[in-house]
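Undergrad: show me the folded form of this:
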Amino acid sequence: MRAREALTNAATLASYSAGLQVMFRVLTFILNGYTLRYVSKETIGVVNVRLTLLYSTVVFLAREAFRKACLNVGVERKWSQIINLLWLTVPLGVFWALIMAWVWLNLVAIPDPAVIPHYEVGVVAFGFSAVVELLAEPMWVLAQVHMLVSVKVIAESLAIAVKCVLTVVCITLVPHWGLYVFSLAQILHSFTLLACYLLYFMKFIGSREAQRKSFPLTSLTDLLPKPLPRQHVIDLQLAKLTWTFYKQSMLKQILTEGERYVMTFLNVLNFGEQGIYDIVNNLGSLVARFLFLPIEESFYIFFANVLERGKDPRHQREEDVGLAALVLKMLLKMVFLIGMTISVFGYSYSQLALDIYGGSWLSSGPGPGLLRCYCVYVLLLAVNGVTECFTFAAMSNQEVSRYNFVMLALSLSFLGLSYCLTWWQGAIGFILANCLNMGLRITHSLWYIRRYFRSTEHRPLRGLQLATPLLLVYLTSGVVTVISQAALCCDQGLFSRSLHVLFGAICLLAVVVAIVSTEPKLVQFIRAHFLSRDKTEIVKWE
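TA: As a prediction, the model looks like this:
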């Protein structure tokens, strides 16, 4: 029963999070398209690559390890110790903000003040916003563990909306403010996020819903760090696990944002080229971010709750192991089909998408090639997200520690590959390096999953096998759309473009029909867990 409830909660959280990510990426997408008309691509490069990297580095290094460790806890743990542990993210964030601000101001190339003024203000503002956001970390973890999905959706949605509206208004009215606009919007985003969490918990703590969920806090002051008489101030077991994840998080950050570190520190692309790369990256990652990331985050919680970390599956409840294997198989099948669809159709429609979004200056340069490569990368992202979320949930602390050495090797190889491939192929080299490293990470996760289940009757990796008729439909669709792209797109007028879109729509419909026909269990899984409002029907697909 506990496993089924965890599955229900994970599916609900993934559905809400996916909706949130849709809004976030669509708003960012529209914002970038709008700001292209008012600010230079160099400014976009500085904000979306250089300053955003500073912000993401601080928050990732300060909180990622704590999140992974504390999301493994049950609701019955001593939350006073856990909250004390989580508050360590704030001084850690201040430390990393100061270090990174000094690096960004002294060790990397400074933009020309005549072209991009107020760079120093931007560095300080983005570092400060990261620290402000970390103040909400104990509330974020409490909400995730107790499945308070609405607070995350409300807080992040409102924060994103405020940031986007302020940016658009200021860029329209006072475009000469430059980085002041983006700095102010970033700070307001963090304060809005913090305020939403505070207001939610002020209302939630002590309510009937809190009592029904057996919420461990009785007043808002319980969210603050405090000394604990006759017991350790923090949970030592969680602290040890956090340190294990922390060593890994540094390496994972390099792998996640590696191309931006290479851009920032090695100057392989100028700020204008970085701006184009970021535009293509935002467009290419729309589906990856709003769909794959929520699935990874939510089902990591499911696997961590259902499976016992580091324990042989033969010594765990057979029902729990079987459910975990079945869910893993369905998730792999689902994300693999989504990735395949994006890869097949992305090749033929990348140029048209960029032409509509940014005009001929974006679709006639390196943009289409970048986006086509990114579509292949999306397929690898899809598989890696699911396989790693299971692997990290099932690994023992010792296995996680050993994997740190694997991550170190991958990080070093990625940096080397990024520099060499970018010197050889330009911005496309970043995507090629990401693909190679993602492939290595997937290989390790597949090996671990196969070894984990080899002593059982379950074979979840069969979720990566597709039926032959479906593969033939994909192949036919790819050939038809490539021919359509060559004959009709993109400089032959609106009628030719419309025909090109029509051919793509027909091929996409054929793919959907083939999926429904060949994968009925997957269709049931998606209906029950992501589309159904009646969560009492959650396991009928079994």
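Undergrad: where does pLDDT dip in this protein?
TA: 1-29, 31-32, 72-77, 287, 289-290, 361, 530-542 (pLDDT under 70).
Undergrad: let me know the secondary structure of the residue of it positioned farthest from its centre.
TA: Distance from the centre of the chain peaks at Arg230, with 40.6 Å (C-alpha atoms, centre = their mean). Classification of Arg230 by DSSP: H, G, I helix; E, B strand; the rest coil places it in coil.
Undergrad: what about it, distance to Gly33?
TA: Plainly put, Arg230 is 59 Å away from Gly33 if you go by C-beta to C-beta, to the nearest Å. The C-beta positions use only the backbone N, C-alpha and C, and glycine is treated the same way.
Undergrad: over to Thr468?
TA: According to C-beta to C-beta, Thr468 and Gly33 sit 41 Å apart.
Undergrad: quick one: Ser348 and Val479 touch, right?
TA: No. Assessed by C-beta atoms under 8 Å, Ser348 is found out of contact with Val479, at 9.8 Å.
Undergrad: all helices for the stretch 101-250 of the chain, in order.
TA: Secondary structure of the stretch 101-250 of the chain (DSSP state H, counting those that start in this stretch): helices at 119-134, 137-145, 149-173, 179-204, 208-212, 236-266.
Undergrad: which secondary structure elements does the helix or strand hosting Gly275 contact?
TA: Using DSSP states H and E, the secondary-structure element containing Gly275 is helix 271-284. Judged by 3 or more C-beta pairs under 8 Å, 6 or more residues apart in numbering; DSSP states H and E, the packing partners of helix 271-284 are helix 2-35, helix 41-45, helix 236-266, helix 318-358, helix 367-394.
Undergrad: at 6 Å what do you get?
TA: helix 41-45, helix 367-394 (3 or more C-beta pairs under 6 Å, 6 or more residues apart in numbering; DSSP states H and E).
Undergrad: what helices and strands are in contact with the first one?
TA: Same thing as helix 41-45. Going by 3+ C-beta pairs under 6 Å, 6+ apart, helix 41-45 lies up against helix 271-284.
Undergrad: what comes into contact with the helix it packs on?
TA: For helix 271-284, contacts defined as C-beta atoms under 6 Å, 6 or more residues apart in numbering pick out 32, 41-42, 44-46, 48-49, 263, 367, 370-371, 374, 427.
Undergrad: and if you look at stretch 174-181?
TA: Tyr38, Pro117, His118, Gly122, Cys170, Ile171.
Undergrad: taking these, tell me the two that lie furthest apart.
TA: Tyr38 and Gly122 (17.1 Å; C-beta to C-beta).
Undergrad: so between Thr468 and Gly33, which is more surrounded?
TA: Gly33 (17 against 8; other C-beta atoms under 10 Å).
Undergrad: OK, contacts around that one?
TA: Tyr357.
Undergrad: if we go to 8 Å?
TA: Tyr357, Gly358 (C-beta atoms under 8 Å, 6 or more residues apart in numbering).
Undergrad: dump the helices of the stretch 101-250 of the chain to JSON lines, plus distance to Trp79 and mean neighbour count.
TA: Converted to JSON lines, the helices of the stretch 101-250 of the chain look like this (distance: least, C-beta to C-beta, whole Å; neighbours: other C-beta atoms under 10 Å):
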{"stretch": "helix 119-134", "distance to Trp79": "19", "mean neighbour count": "22"}
{"stretch": "helix 137-145", "distance to Trp79": "8", "mean neighbour count": "23"}
{"stretch": "helix 149-173", "distance to Trp79": "17", "mean neighbour count": "18"}
{"stretch": "helix 179-204", "distance to Trp79": "13", "mean neighbour count": "20"}
{"stretch": "helix 208-212", "distance to Trp79": "13", "mean neighbour count": "11"}
{"stretch": "helix 236-266", "distance to Trp79": "11", "mean neighbour count": "19"}
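Undergrad: want to throw those helices into JSON lines with distance to Cys435?
TA: Formatted as JSON lines, the helices of the stretch 101-250 of the chain follow (distance: least, C-beta to C-beta, whole Å):
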{"stretch": "helix 119-134", "distance to Cys435": "29"}
{"stretch": "helix 137-145", "distance to Cys435": "31"}
{"stretch": "helix 149-173", "distance to Cys435": "29"}
{"stretch": "helix 179-204", "distance to Cys435": "31"}
{"stretch": "helix 208-212", "distance to Cys435": "45"}
{"stretch": "helix 236-266", "distance to Cys435": "12"}
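Undergrad: quick one: closest of these to Ala393.
TA: Ranking these by proximity to Ala393 (C-beta to C-beta) places helix 236-266 first, at 12.1 Å.
Undergrad: so how far is that closest one from its chain's centroid?
TA: Put simply, helix 236-266 sits 15 Å off its chain's centre (C-alpha atoms, centre = their mean, to the nearest Å).
Undergrad: also stretch 444-461?
TA: Distance, centroid of stretch 444-461 to centroid of chain: 25 Å (C-alpha atoms, centre = their mean).
Undergrad: ends of it, how far apart?
TA: From its first residue to its last, stretch 444-461 covers 13 Å (C-alpha to C-alpha, to the nearest Å).
Undergrad: list the buried residues in that stretch.
TA: His444, Ser445, Leu446, Tyr448, Ile449, Tyr452, Phe453, Thr456, His458, Pro460, Leu461 (16 or more other C-beta atoms under 10 Å).
Undergrad: show residues contacting that stretch.
TA: 312-314, 321-322, 325-326, 328-329, 332, 384, 387-388, 390-391, 394-395, 403, 406.
Undergrad: buried among these? Make that a ChimeraX selection.
TA: Applied in ChimeraX, the following selects the buried portion of those according to 16+ other C-beta under 10 Å:
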select :313,321,322,325,326,328,329,332,384,387,388,390,391,394,395,403
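Undergrad: what sits against Pro313?
TA: Contacts of Pro313 (C-beta under 8 Å, 6+ apart): Leu307, Val321, Tyr452, Phe453, Ser455, Thr456.
Undergrad: wait, I meant Phe303
TA: So Phe303 contacts Ala324, Leu328, Cys389, Phe390, Ala393, Ala394 (C-beta under 8 Å, 6+ apart).
Undergrad: compare Ser348 and Val479 (neighbour count), which wins?
TA: The residue with more neighbours, out of Ser348 and Val479, is Ser348; 25 against 13, by other C-beta under 10 Å.
Undergrad: got a list of what Leu224 touches?
TA: Leu224 makes contacts with Ile83, Trp87, as judged by C-beta under 8 Å, 6+ apart.
Undergrad: any idea how far the residue sitting nearest the centre point of the chain is from Pro368?
TA: Geometric centre of the chain, nearest residue: Leu293, 4.0 Å, by C-alpha atoms, centre = their mean. Separation of Leu293 from Pro368 (C-beta to C-beta): 25 Å.
Undergrad: swap in Lys213?
TA: Lys213 is 50 Å from Pro368, by C-beta to C-beta.
Undergrad: the two: who's more crowded?
TA: Set Lys213 next to Pro368 and count neighbours by other C-beta under 10 Å: Pro368 wins out with 22 against 14.
Undergrad: residues in contact with the residue lying closest to Ala155 once chain neighbours are set aside?
TA: Spatial nearest neighbour of Ala155, chain neighbours left out: Cys196 (3.5 Å); criterion: C-beta to C-beta, 6 or more residues apart in numbering. By C-beta under 8 Å, 6+ apart, the residues touching Cys196 are Val151, Ile154, Ala155, Leu158, Ala159.
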